[in-house]
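Q: Have a look; sequence and predicted model below, questions after that.
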Amino acid sequence: MVKNATVFECTACGARYPRPLGKCGACGAWGSIEELKGTLRRSLDRAGSAFGTRHFQGPVPLPSVEVEENPRAATGLEELDRVLGGGVVPGMVVLLGGEPGIGKSTLLLQWAARAVGLVLYASGEESERQIKLRAQRLGAENPQIHLLAETDVREILAAAEHLKPSLLMVDSIQTLFDPDFESSAGSVSQVRGCAQLLARWAKATGTPLVLVGHVTKDGSLAGPKVLEHLVDTVLAFEGDRHHHHRLLRALKNRFGAAFELGVFAMTERGLVPAEGNPFFLDAEARPGCAATVVLNGTRPVVVEIQALVASAGLGIPRRTALGIDGQRLAMLCAVAERRGGVQLHDRDVYVNVAGGLEVEDPSADLAVIAALASSATGRILAEKTLFLGEVGLTGEVRPVAQLPLRLQEGARLGFVSAAIPAAGLEGRPALPCHAERSVERLRAKAWLRERSEEE
């Protein structure tokens with residue numbers, strides 16, 4: 001009789017090895033390799049089961065595949081519909097991740113309360129009573145919501161086959177287990193196996209599926225990477241629990257644009273769409289402040305870049321960045337000094353994006369340099385002016401994508417002028433624009449007017 005070979009698996013990334021190791025060669029984690037016990041059943045076929053093999057019909061020619069025009073089902077939450085691409089597609093599998101206490105369960109319950117048809121809400125973290133109390137507080141007591149406190153994925157699938165819901169929600173995938181595995185809930189094998197069963201059932205029945213996922217201490221989704229490849233859409237719910245704004249991002253979306261942004265405000269009655277522009281405060285003009293417009297997917301957002309240039313007290317200048325990449329800030333400081341004549345080599349530089357937004361759009365380069373020049377010289381930038389442009393190492397200001405859309409958003413918020421690259425003047429812009437080609441000429445222009453910090 002042939003003896004089964006022992007397999008060891010990394011609990012962090014899912015890589016498998018024939019023998020135990022101290023460090024995983026795939027992800028670099030220490031002490032994460034454990035023996036894999038139990039195997040998934042070869043046959044998932046069960047009598048009357050929607051997640052069995054009875055739907056397999058073999059290969060079919062591409063022209064013979066019938067495609068139905070299924071309209072998207074709106075979730076009832078405007079910001080969520082924006083991120084999903086207009087609503088939910090039949091059979092869509094969504095993975096929602098976020099920090100503990102950020103509001104994932106609140107978002108799910110509000111989504112379920114506004115859904116059309118029967119909703120099965122399966123929770124492995126809370127009891128029915130806890131969910132009922134939250135529903136009362138949020139005003140989300142929809143009689144079409146059916147609650148199930150269960151961690152056995154087979155029991156959840158059996159309940160879903162019996163109720164035939166129009167939407168299935170599971171909170172969370174890390175709490176589920178499959179009896180076919182001997183490993184504990186939350187392990188790589190359990191997360192992968194349970195997610196595959198649920199996704200297969202959702203595709204076979206055309207039922208939208210929402211999975212809640214935990215995140216690690218570095219902010220990435222916990223579990224194997226195959227979990228993100230398995231689903232259709234990956235949503236990241238972000239924000240500081242000490243502030244009332246919450247950001248919903250689409251990191252992956254097979255049915256819409258990725259990197260869309262939805263902005264919510266956390267209130268006593270739950271999550272509501274944020275009004276106006278929460279990342280820009282129309283305050284009095286001050287040295288070191290510049291406004292720009294960044295794109296998150298197709299959504300333009302006006303943000304304020306704040307810079308502070310101070311004397312280096314310890315002799316070694318610091319470069320501190322909040323909301324932008326630190327290496328990019330160091331590069332922009334070098335360009336501002338070498339090409340723009342702003343003395344920074346012996347000064348501390350602090351740059352912050354007001355409102356807590358993470359900015360990766362290179363169009364904010366010009367606003368960063370303008371804020372640095374304003375703070376270093378004590379001059380205030382021209383009021384109601386936007387700064388849009390990517391800055392290169394030679395000091396040139398390059399054009400940015402979707403410039404008319406950015407200018408239109410700025411005009412909507414009351415901005416009256418903009419400094420943009422000279423190559424971005426095609427067509428009629430929404431704002432009067434000062435076209436420039438280099439950082440040196442931009443610094444010498446009249447939009448830097450005299451006014452000291454003491455004033």
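A: Here it is on my side, so go on. These numbers come from a predicted model, not from an experiment.
Q: Distance from stretch 338-356 to the middle of the chain?
A: Taking the mean C-alpha point of stretch 338-356 and that of its whole chain, the gap between them comes to 28 Å (Cα atoms, centre = their mean, to the nearest Å).
Q: buried ones in it?
A: Neighbour-count burial for stretch 338-356 flags 338-340, 342, 344, 347-356 (criterion: 16 or more other Cβ atoms under 10 Å). Bear in mind the C-beta positions are built from the backbone N, C-alpha and C, glycine included.
Q: And stretch 244-263, by the same measure?
A: Buried positions in stretch 244-263, judged by neighbour count with 16+ other Cβ under 10 Å: 245-250, 253, 256, 259-263.
Q: so where do the strands sit in the stretch 251-400 of the chain?
A: Read by DSSP state E, counting those that start in this stretch, the stretch 251-400 of the chain holds these strands, from start to end of the chain: 261-267, 270-273, 289-296, 299-311, 319-322, 347-353, 380-381, 385-387, 390-391, 397-398.
Q: With the stretch 101-250 of the chain instead?
A: Listed in chain order, the strands found in the stretch 101-250 of the chain under DSSP E, counting those that start in this stretch are 119-123, 145-149, 167-171, 209-213, 233-238, 245-253.
Q: What's the mean pLDDT across the fourth one?
A: I take that to be strand 209-213. Taken as a whole, strand 209-213 has an average pLDDT of 95.
Q: if we can go back for a sec, export the buried residues of stretch 244-263 as a markdown table, with columns for pLDDT and distance to Gly219.
A: Putting these into a markdown table (pLDDT from 0 to 100; distance: Cβ to Cβ, whole Å) gives the following:
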| residue | pLDDT | distance to Gly219 |
| --- | --- | --- |
| His245 | 84 | 17 |
| Arg246 | 89 | 15 |
| Leu247 | 88 | 13 |
| Leu248 | 92 | 15 |
| Arg249 | 89 | 12 |
| Ala250 | 91 | 16 |
| Asn253 | 93 | 19 |
| Gly256 | 86 | 23 |
| Phe259 | 78 | 16 |
| Glu260 | 84 | 19 |
| Leu261 | 86 | 17 |
| Gly262 | 89 | 18 |
| Val263 | 88 | 19 |
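Q: Looking at the residues you listed, which one is closest to Ile145?
A: The shortest separation between Ile145 and any of the buried residues of stretch 244-263 is 21.3 Å, and it belongs to Leu248 (by Cβ to Cβ).
Q: my read: that closest one touches Gly262, true?
A: Yes. The pair Leu248 and Gly262 qualifies as a contact (Cβ atoms under 8 Å) at a distance of 3.9 Å.
Q: anything in contact with each of these two?
A: 79-80, 83 (Cβ atoms under 8 Å, 6 or more residues apart in numbering).
Q: Could you rank the residues you listed by neighbour count and give me the top one?
A: Neighbour count (other Cβ atoms under 10 Å) singles out Val83 as the most crowded of the shared contacts of Leu248 and Gly262, with 27 neighbours.
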